[in-house]
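S.K.: here's a sequence, model it:
(chains A, B, C and D)
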There are 2 protein chains.
Amino acid sequence: MTAAPKYSSSTENYLKAIFHLQKSDGIVTTNDVANELQTRPASVTDMLKKLKAQKLLLYEKYKGFKLSNEGRKVALQIIRKHRLWEFFLVEKLNFGWDEVHEIAEELEHISSKKLIDRLDEYLGFPKSDPHGDPIPDSNGKFTLPKQVDLLNLPLNKVAEVSSIGDQSAEMLELLGHKGIALGTKVEVKKKFAFDNSLELKFKNQLIVTVSEHVAKNVFVKYDE
Amino acid sequence: MTAAPKYSSSTENYLKAIFHLQKSDGIVTTNDVANELQTRPASVTDMLKKLKAQKLLLYEKYKGFKLSNEGRKVALQIIRKHRLWEFFLVEKLNFGWDEVHEIAEELEHISSKKLIDRLDEYLGFPKSDPHGDPIPDSNGKFTLPKQVDLLNLPLNKVAEVSSIGDQSAEMLELLGHKGIALGTKVEVKKKFAFDNSLELKFKNQLIVTVSEHVAKNVFVKYDE
DNA sequence: ATTTAATTTTAGATTTGTCTAAAATAAAAT
DNA sequence: ATTTTATTTTAGACAAATCTAAAATTAAAT
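M.R.: Residues are numbered from 1 along each chain as shown, chains lettered A, B, ... in the order given. Coordinates of the predicted model:
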């Protein structure tokens, strides 16, 4: 038997929104949450009180709020579910990475823990979702990959291209030509002190050279 | 973008319950529905009025009710989703057929039609769920497999064991020993007029003999 | 054909999550 | 340091889905 859901979908959405806003902004306001959840500040205040009563939130009126340990724990489980479902939709059902978010917004509220752990196993315990965001494990821990530009990537460390700073057409042309795209696995084999240019090696053993200017605009993530 | 759910989970559950009760009982009462949904008759009456307002139900107070065409259509889509998810849970995530119902009760309310059609394709368009119940196709049609006891199964026709009449410990022991269980694929190769005993052949080529008494209590389904 | 019993429906409350409009508080600007 | 502006909270209301208790209707039983 699947346990009755501990928290409502609405509660889960608030926790998730606050979690995400805390990550980016550090401090989160009532208006931020209202904006994120497409609702009104008054509704947010109402919910903040309920979350506090459930000990999911530390909240003092007019002063601010943040997730409690329990609140963060719940948020991480929702995020885990969301990202695993996204991975499933893309990997198994051939959805595009850009069309899975809405569906995962619904699937993330399915309560069964056994289901999600089985799904995780079925998918091969993926570490990140189709957008490159990390998937928390069943204890809520996730290995946050380190994000740096190529210039700061240690030598001989395999990393994955995660974002591009300068997205001008010229830059994208250059990257396309060199074979650098989101998700590409790269390794820095040599760094020339003279002009800070780099020699990169791909999985397919090919080696290319990029300038400091390019290296500064290619961000990669790696474990450790 | 996933379309907003047309109907609430509650509405969907009522439609599904009424659909099932109509199948078995023919006529459905307020009390039946209350019992099925673990709620109170007064709550059922409230909902009947709402369903009528949405044209999902034909209802005259004190006189009775039944699903409208639209109501039946919606119910069938919910049942389709429920059974496809059950199939997924058993086939892909290795759940037991007896532990998937509750989880599917939640999954069946995920709204995306694209999701369910992709899932259907991914699963190979299964015709029936792990309990042997037929899965409606995306138009709500389903091919009802013929259900007979082994005695009435035509010779050389591959069928699947779908239910057991006499579920006494003695019978189950016998069936277990012979290798007959729910879902087992069988074929009748020979029928002895003398005592109506049968020779059955399994997928793995093994042949066993069962008495008329046993044959009468083993129900199978087959297409056509 | 009445009376009795069962079923169904109404009336009025309750809970959850939302809303608007107004009040309270904090932050920004002069 | 006040005043103005923006933010946050309260107060009161609403819709959905449920409940209890009582009333209305139908069915069963004498």
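S.K.: who's in contact with residue A:20?
M.R.: residue A:36 (Cβ atoms under 8 Å, 6 or more residues apart in numbering or on different chains). For every residue, glycine as well, the C-beta is placed using N, CA and C.
S.K.: all helices for chain A, in order.
M.R.: A:9-25, A:30-36, A:41-53, A:69-91, A:101-107, A:113-122, A:169-178, A:212-216 (DSSP state H).
S.K.: the first one near DNA strand D at all?
M.R.: So the one you mean is helix A:9-25. No: Helix A:9-25 lies out of reach of DNA strand D by Cβ under 7 Å from any atom of the strand, never closer than 11.3 Å.
S.K.: buried stuff in that helix?
M.R.: Within helix A:9-25, the residues scored as buried using 16 or more other Cβ atoms under 10 Å in any protein chain shown are A:11, A:12, A:13, A:14, A:15, A:16, A:17, A:18, A:19, A:21, A:22.
S.K.: can you check the pLDDT for the closest residue to residue A:48 other than its chain neighbours?
M.R.: Computed as Cβ to Cβ, 6 or more residues apart in numbering or on different chains, the closest residue to residue A:48 that is not its neighbour in sequence is residue A:59, at 5.2 Å. Confidence at residue A:59, expressed as pLDDT, is 95.
S.K.: any idea how far DNA strand D is from residue A:59?
M.R.: 7 Å (Cβ to the nearest atom of the strand, to the nearest Å).
S.K.: separation between that residue and DNA strand C?
M.R.: Distance, residue A:59 to DNA strand C, by Cβ to the nearest atom of the strand: 14 Å.
S.K.: bridging residues for that residue?
M.R.: When bridges are called by DSSP bridges, residue A:59 pairs up with residue A:65.
S.K.: dump the residue contacts of it.
M.R.: Contacts of residue A:59 (Cβ under 8 Å, 6+ apart): A:48, A:49, A:51, A:52, A:65.
S.K.: does stretch A:81-101 reach chain B?
M.R.: Yes: judged by Cβ under 8 Å from any Cβ of the partner chain, stretch A:81-101 comes into contact with chain B through A:89, A:92, A:93, A:94, A:95.
S.K.: and the residue nearest the centre of chain A, what does it touch?
M.R.: Nearest to the mean C-alpha position of chain A, counting by Cα atoms, centre = their mean, stands residue A:133 at 2.6 Å. If a contact means Cβ under 8 Å, 6+ apart, then residue A:133 has residue A:83 as its contacts.
S.K.: kindly recompute the last result at 6 Å.
M.R.: Contact analysis of residue A:133 by Cβ atoms under 6 Å, 6 or more residues apart in numbering or on different chains lists nothing.
S.K.: give me the distance between it and DNA strand D.
M.R.: In terms of Cβ to the nearest atom of the strand, residue A:133 sits 27 Å off from DNA strand D.
S.K.: can you pull the pLDDT of that residue?
M.R.: 86.
S.K.: and the gap between it and residue A:87?
M.R.: Between residue A:133 and residue A:87 the distance is 10 Å, computed by Cβ to Cβ, to the nearest Å.
S.K.: need the residues of stretch A:81-101 next to chain B in JSON lines (columns: pLDDT).
M.R.: Converted to JSON lines, the residues of stretch A:81-101 next to chain B look like this (pLDDT from 0 to 100):
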{"residue": "A:89", "pLDDT": "98"}
{"residue": "A:92", "pLDDT": "97"}
{"residue": "A:93", "pLDDT": "98"}
{"residue": "A:94", "pLDDT": "97"}
{"residue": "A:95", "pLDDT": "96"}
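S.K.: nearest to DNA strand C, of those residues?
M.R.: Closest to DNA strand C out of these is residue A:89 (24.5 Å), distances taken as Cβ to the nearest atom of the strand.
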